[in-house]
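**Student:** need a 3D model of the following:
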Amino acid sequence: MNNSAITLAKELLEGDIGNLEELRIHEFDEDAAAHDDDSLEKLYREFAKDFERVQAELSKQYGDPSRTGQADDDVIPLSGVFRFAIWLVDDQQLFAVAAHEDRGVPILLMLGTAAGDFG
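**Tutor:** As a prediction, the model looks like this:
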């Protein structure tokens, strides 16, 4: 992961609501690798560890998340979510998410923003 989560979060919060930026992405070089269960489990563990680091970093800046989970969430415009955390920041929701929609597609660790939901 080359990008600082705090730096990227600040850029997202200053930009348009609804933007997404990658912190880490794993693209499969070959179809066989995408179907190797042991390799997938290892990658999920690595992404979960990276996610936890990002969540801790963002929590130091923005406080505890308003919500966390391990499945898809209406705020997050991605499928296959296996970890997420959402912070309310001013009039926006900042989220960190780890997702893998299906075998053969990239595994993602992303930050993004959504409109605030304060009702």
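**Student:** the lowest-mean-pLDDT helix or strand in the chain: how far from the chain's middle?
**Tutor:** Lowest mean confidence among the helices and strands of the chain (mean pLDDT, DSSP states H and E): helix 31-34, at a mean of 72. The chain centroid and the centroid of helix 31-34 are separated by 23 Å under Cα atoms, centre = their mean, to the nearest Å.
**Student:** residue most distant from the centroid, this structure?
**Tutor:** Here the chain reaches farthest from its C-alpha mean at Ala32, the gap being 25.4 Å by Cα atoms, centre = their mean.
**Student:** quick one: secondary structure of the closest residue to His35 other than its chain neighbours?
**Tutor:** Closest residue to His35 apart from its sequence neighbours, by Cβ to Cβ, 6 or more residues apart in numbering: Arg103 at 5.7 Å. Every C-beta, even on glycine, is put in place using the N, C-alpha and C of the backbone. Secondary structure, DSSP: H, G, I helix; E, B strand; the rest coil: Arg103 is coil.
**Student:** ok, the residue positioned nearest the centre of the chain - contacts?
**Tutor:** The C-alpha lying nearest the average C-alpha coordinate of the chain belongs to Val97 (Cα atoms, centre = their mean; 1.9 Å). By Cβ atoms under 8 Å, 6 or more residues apart in numbering, the contact set of Val97 is 51, 76, 78, 81, 83-84, 108-112.
**Student:** and the residue nearest to it when sequence neighbours are not counted, how many residues sit next to it?
**Tutor:** Counting by Cβ to Cβ, 6+ apart, Val97 lies nearest to Phe84, which is 4.5 Å off, once chain neighbours are set aside. Neighbours of Phe84 under the rule other Cβ atoms under 10 Å: 24.
**Student:** how about Lys49?
**Tutor:** 11.
**Student:** now it: which helix or strand?
**Tutor:** Using DSSP states H and E, Lys49 falls within helix 37-62.
**Student:** still on that earlier bit, check the secondary structure at the residue nearest to the centre of the chain for me.
**Tutor:** Put simply, Val97 is strand when judged by three-state DSSP.
**Student:** that one pairs with what?
**Tutor:** Applying DSSP bridges to Val97 gives these bridge partners: Phe84, Met110.
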